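*Asks:* here's a sequence, model it:
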Amino acid sequence: MKAMVLTGLKEMELMEIPDPELKKPSDVFIRMVSVGVCGSDIHYYVHGGIGSQVVEYPFRVGHECAGIVENVGSEVARVKPGDRIAVDPAMSCWKCDQCKSGRHHTCRNLKFLGCPGQAEGCLSEYIIMPEQSCYPIKDTMSFDQAALSEPLSIGVYAVDLSIPMKGAKVGIFGSGPIGVSVLLPALSSGAANIYVTDKIEERLKLAEKMGASWIGNPDKIDVVHEIKKNEPLLLDVVFECCGDQEAMDQAVELLKPGGKLMIIGIPQFDHWSFSSDRLRRKEICIQNVRRQVDAVQKSLDMIDNKVLNLDHMITHHFDFAQTKEAFDLVAGYYDGVLKAMIHLK
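*Replies:* I've put the predicted structure just below:
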């Protein structure tokens, strides 16, 4: 089969590699149709790693995907050949203490598509996944929408963890795909005012189009001052979605006493810094968000029932042979890109 493989920093080649094989009775053989380019893929492409997860070349990234079931193992009951499916890229063991306590997203033995040292990614014609990772979708849902259930599920999970009540005042700092994936379920949850910041004007305009109450570029205005004018009692929740220290400082400044700081963005550095005085005096709660747990089906249902509309999130489309072009576009934030989709059919 054909696969797009990282061969060095900002280097990628289309290679011919052996087809995967069904080895376990719970395995599902999937033909890829749509793959989304994620920010974590770009970290591996540009920097060769994220923290302790370092790429050993050659390596295949990609984890936002949807496709068609071609074959199944002898014990698979959840899907059958011909089914259109969304894929949860997480492969948990279902046996460790974390899995048994309902935290299978922090499974001790977790393998994740496109994560160095765990599993090769989905930028190939075929992949094998356990049936627990396969979610059937209706014919009315596009493969692109199904693939985007992966980042959306992170936003759905984060909102469920944090927004305390209808009418909440919310900040989303960073309006990339994850920021938008938070914005949509936050709106659905009944948040009253949602303040979105980003340094890319096209992303801000899109956030406003999708329902943000207020948008601001921290390179052009004092976003803390402007949001405080609108919300003198400050914000209930702030989602840090860009992995930026300046945004983190703004979040701490803008949270009300008892507010919640949700950390979703992946920084390039190893250590965040905080004002201990502000954190302590305002009794701010800090919650890291590690992907998602039990939110994929909910996200698919929200897409299917038209509760959320992801169509505006997709800004660019590429054929499989153009994958490097897609990665370069996203890595450079060119042409107002928000989400680039790669099509293999």
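*Asks:* could you use CA atoms for every contact and neighbour count after this?
*Replies:* Will do.
*Asks:* pick out the residue nearest the middle of the chain.
*Replies:* Pro151 (3.0 Å; Cα atoms, centre = their mean).
*Asks:* using the three-state scheme, assign that one.
*Replies:* The three-state label given to Pro151 by DSSP: H, G, I helix; E, B strand; the rest coil is helix.
*Asks:* and for Gly67?
*Replies:* strand.
*Asks:* try the one 10 residues further on
*Replies:* Using three-state DSSP, the three-state assignment for Ala77 comes out as coil.
*Asks:* count of neighbours near it?
*Replies:* Burial of Ala77 is recorded as 10 neighbouring residues (other Cα atoms under 10 Å).
*Asks:* list the contacts for it?
*Replies:* Going by Cα atoms under 8 Å, 6 or more residues apart in numbering, Ala77 touches Glu131.
*Asks:* what pLDDT does it get?
*Replies:* Here the pLDDT value assigned to Ala77 is 97.
*Asks:* and Ser181, how far from Ala158?
*Replies:* Distance of Ser181 to Ala158, given as Cα to Cα, to the nearest Å: 10 Å.
*Asks:* give the contact list for the residue lying closest to Pro136 once chain neighbours are set aside.
*Replies:* Excluding the flanking residues, the one nearest Pro136 by Cα to Cα, 6 or more residues apart in numbering is Ile85, at 4.3 Å. Ile85 makes contacts with 66-69, 134-137, 146, as judged by Cα under 8 Å, 6+ apart.
*Asks:* do Val5 as well
*Replies:* 12-15, 58-61, 123.
*Asks:* as JSON lines, the residues you listed with distance to Gly190, secondary structure and pLDDT would be great.
*Replies:* Shown next, in JSON lines, are these (distance: Cα to Cα, whole Å; DSSP: H, G, I helix; E, B strand; the rest coil; pLDDT from 0 to 100):
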{"residue": "Met12", "distance to Gly190": "43", "secondary structure": "strand", "pLDDT": "98"}
{"residue": "Glu13", "distance to Gly190": "46", "secondary structure": "strand", "pLDDT": "97"}
{"residue": "Leu14", "distance to Gly190": "45", "secondary structure": "strand", "pLDDT": "97"}
{"residue": "Met15", "distance to Gly190": "48", "secondary structure": "strand", "pLDDT": "97"}
{"residue": "Pro58", "distance to Gly190": "46", "secondary structure": "coil", "pLDDT": "97"}
{"residue": "Phe59", "distance to Gly190": "42", "secondary structure": "strand", "pLDDT": "98"}
{"residue": "Arg60", "distance to Gly190": "40", "secondary structure": "coil", "pLDDT": "98"}
{"residue": "Val61", "distance to Gly190": "36", "secondary structure": "coil", "pLDDT": "98"}
{"residue": "Leu123", "distance to Gly190": "37", "secondary structure": "coil", "pLDDT": "98"}
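*Asks:* most neighbours out of the contacts of Ile85, which is it?
*Replies:* Greatest neighbour count in these, by other Cα under 10 Å, goes to Ala66: 32 neighbours.
*Asks:* not counting residues beside it along the chain, what's closest to that one?
*Replies:* Ala86 (4.5 Å).
*Asks:* that neighbour in helix, strand or coil?
*Replies:* Following three-state DSSP, Ala86 is assigned to strand.
*Asks:* ok, it to Ser142 distance?
*Replies:* From Ala86 over to Ser142 the distance is 10 Å, taken as Cα to Cα.
*Asks:* which of the two has more neighbours?
*Replies:* Ala86 (29 against 15).
*Asks:* got the contact list for that one?
*Replies:* Applying Cα under 8 Å, 6+ apart, we find Ala86 in contact with 65-67, 134-137, 143, 146-147, 149.
*Asks:* would you reformat the residues you listed as a markdown table and include distance to Glu202 and pLDDT?
*Replies:* Output for those, formatted as a markdown table (distance: Cα to Cα, whole Å; pLDDT from 0 to 100):
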| residue | distance to Glu202 | pLDDT |
| --- | --- | --- |
| Cys65 | 25 | 98 |
| Ala66 | 27 | 98 |
| Gly67 | 30 | 98 |
| Cys134 | 34 | 98 |
| Tyr135 | 33 | 98 |
| Pro136 | 34 | 98 |
| Ile137 | 31 | 98 |
| Phe143 | 25 | 98 |
| Ala146 | 24 | 98 |
| Ala147 | 23 | 98 |
| Ser149 | 23 | 97 |
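*Asks:* got a markdown table for the residues you listed, with distance to Gln250 too?
*Replies:* Shown next, in a markdown table, are these (distance: Cα to Cα, whole Å):
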| residue | distance to Gln250 |
| --- | --- |
| Cys65 | 34 |
| Ala66 | 37 |
| Gly67 | 40 |
| Cys134 | 39 |
| Tyr135 | 38 |
| Pro136 | 41 |
| Ile137 | 40 |
| Phe143 | 37 |
| Ala146 | 34 |
| Ala147 | 32 |
| Ser149 | 29 |
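*Asks:* surely the residue nearest to the centre of the chain and Val87 touch.
*Replies:* No - counting by Cα atoms under 8 Å, Pro151 does not reach Val87; the two are 11.5 Å apart.
*Asks:* mutual contacts of those two, please.
*Replies:* Common contacts of Pro151 and Val87 (Cα under 8 Å, 6+ apart): Glu64.
*Asks:* which regions of this structure sit below the pLDDT cut-off?
*Replies:* Residue ranges of the chain with pLDDT under 70: none are present.
*Asks:* how about the helices in it?
*Replies:* 39-47, 97-100, 143-147, 149-162, 177-189, 201-209, 223-230, 245-254, 276-282, 296-304, 323-331 (DSSP state H).
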